[in-house]
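*Asks:* this one's structure only:
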């Protein structure tokens, strides 16, 4: 179980909510389903944040190109933050703890 959950968090760094969605659908135990649900909610939250940042950066780039280009670094900062949170969650699972996510819209019940 732990190996699958660790794989889910590693894959989530690169393919976002697709990995937790697959693991959520194929969960064999209630614990696996709960871990996948937590990760899926975080990944959906991350996707929403990236979309909003993208819209804002594109609008600013259209108005003031120089500032918009600098703000486009926000994508990189948010992705690194996302990778760090997923890594922290993977380490929590290794230690037998429940992962904690700083932003988690509870969309999947």
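*Replies:* Looks like it came in fine. Everything numeric in this text was worked out from a predicted model, so none of it was measured.

*Asks:* Which residue, neighbours along the chain excluded, lies closest to residue 61?
*Replies:* Distances taken as Cβ to Cβ, 6 or more residues apart in numbering place residue 68 nearest to residue 61, at 2.6 Å, with adjacent residues excluded. All C-beta atoms are positioned from the backbone trio N, CA, C, and that covers glycine.

*Asks:* what's the neighbour count on the one you found?
*Replies:* Residues near residue 68, counting by other Cβ atoms under 10 Å, number 16.

*Asks:* mind starting the numbering at 175 from now?
*Replies:* Will do, 175 is the new start, and the previous item becomes residue 242.

*Asks:* ok, it to residue 210 distance?
*Replies:* Going from residue 242 to residue 210 by Cβ to Cβ, to the nearest Å gives 37 Å.

*Asks:* now swap in residue 197 and tell me
*Replies:* 4 Å.
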